[in-house]
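**Student:** I would like to see how this sequence folds:
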Amino acid sequence: MISHNREVILFGLPPATKDVPGMWYKGYPVHKGITESSMNFASLYAHEKNIIPDQNELRSEWLNFVYTLSIAGFKLDILPFPAQLNTPEHLCHDAIFIRDGGMIYRGLWIQGRFSVEERKIEGEYHTRLIASRLNKTIVTVPEGCYLEGGEINYLITKQGSFYFGGLSRANRQGHDFVREIIRPDKYILVESEGYHLDTLFTPVVDADNNLKALIIASKSVSPESLKQLKELGLPVIEVLPEDSSGEGDSLGNYSVNALIAPGVMVNSSRFSTPGVEEMLQVLGIKRFVCPLPNFKYAGGSVHCLTNEVY
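**Tutor:** Prediction:
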């Protein structure tokens, strides 16, 4: 069985140019997917408050993020940001979130199909870079399927392989297509009000590669999906909306948007829900925290900025 791999890919920041002085320099793009509840609440919040990122702060956050991943034991493949997207005509700078473009599995890059029209071009450039730099065979998702990598949480543990798929900006057909390729032992689709599954859910794996718990912002998940998750027989740690995207007029901290490996969790904030950090300590999870406020306003954090190489 393949063990959980600590190798991840990520994009470098796009360079400032004469025409594009910085990332999100005109503000954060507001997107909605195929469901009414798939609005990116964080970018809507930033848009309404006219938040523009300070480029020096953003770059400092990114450098600290890279450093934190390194000391957490991850091998990093940093790809150059696609120059074609760093132009006035294509300010799709959500492309920094390399997670969303698809999924690596063995020698394959399973290219996503964005439900957000404005982001489709991102997936094309993700694919070109990964195909050329990592020598992966491209698998494209058929028409009628929607699939974004932020809607996938896949892991291989001592108990077998688990595939958790979100149904906010992806659909069942898209996940079923991936299922036929990777054949996971456990396959659970989650209906939620989240922008992506990884904005409200993360597994927890101990140092011996046992899946020990699921952390979930349960208020955003349908009762039937929550029931399915609990039927796995694992502890389900329910967190407050503030550890996800937030609620009402309050933006959350996106703590649940975490990159994990056996015995390791990296995220942008400690959990504010009482008792969660103590539970992780009992499970022997080494915690690494790197604040990413300027990325949070785009609706993304540590998990979104990375993509595992299985």
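
**Student:** okay, CA-based contacts and neighbour counts for the rest of this
**Tutor:** Fine.

**Student:** which stretches in the stretch 51-200 of the chain count as helices?
**Tutor:** Secondary structure of the stretch 51-200 of the chain, counting by DSSP state H, counting those that start in this stretch: helices at 55-71, 120-134, 172-182.

**Student:** which one of these has the lowest average pLDDT?
**Tutor:** Mean pLDDT is lowest for helix 120-134 among the helices of the stretch 51-200 of the chain, at a mean of 88.

**Student:** pull the distance from that one to the chain's centre.
**Tutor:** 17 Å (Cα atoms, centre = their mean, to the nearest Å).

**Student:** so can I have JSON lines of the helices of the stretch 51-200 of the chain showing distance to Ser268 and mean neighbour count?
**Tutor:** Formatted as JSON lines, the helices of the stretch 51-200 of the chain follow (distance: least, Cα to Cα, whole Å; neighbours: other Cα atoms under 10 Å):
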{"stretch": "helix 55-71", "distance to Ser268": "9", "mean neighbour count": "16"}
{"stretch": "helix 120-134", "distance to Ser268": "24", "mean neighbour count": "17"}
{"stretch": "helix 172-182", "distance to Ser268": "28", "mean neighbour count": "16"}
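
**Student:** which one of those lies nearest to Phe271?
**Tutor:** Closest approach to Phe271 among those is made by helix 55-71 (17.5 Å; Cα to Cα).

**Student:** ok, the residue lying closest to Leu251 once chain neighbours are set aside - how many residues close by?
**Tutor:** Spatial nearest neighbour of Leu251, chain neighbours left out: Ser245 (5.9 Å); criterion: Cα to Cα, 6 or more residues apart in numbering. Burial of Ser245 is recorded as 29 neighbouring residues (other Cα atoms under 10 Å).

**Student:** give me the distance between Ser245 and Gly300.
**Tutor:** Taken as Cα to Cα, to the nearest Å, the spacing of Ser245 relative to Gly300 amounts to 9 Å.

**Student:** what touches both of those two?
**Tutor:** Jointly contacting Ser245 and Gly300 under the rule Cα atoms under 8 Å, 6 or more residues apart in numbering are Thr199, Tyr254.

**Student:** returning to what we had before: closest one to Val239 among the helices of the stretch 51-200 of the chain?
**Tutor:** helix 55-71 (23.7 Å).

**Student:** of all the residues in stretch 149-168, which ones are buried?
**Tutor:** 149-157, 161-168 (16 or more other Cα atoms under 10 Å).

**Student:** from those residues, which land in strands?
**Tutor:** Ile152, Asn153, Tyr154, Leu155, Ile156, Thr157, Ser161, Phe162, Tyr163, Phe164, Gly165, Gly166 (DSSP state E).

**Student:** quick check: angle from the helix or strand Ser225 falls within to strand 160-166?
**Tutor:** Here Ser225, judged by DSSP states H and E, is contained in helix 223-230. Comparing the axes of helix 223-230 and strand 160-166 via axes from the mean of the first three to the mean of the last three Cα atoms, to 10 degrees yields an angle of 160 degrees.
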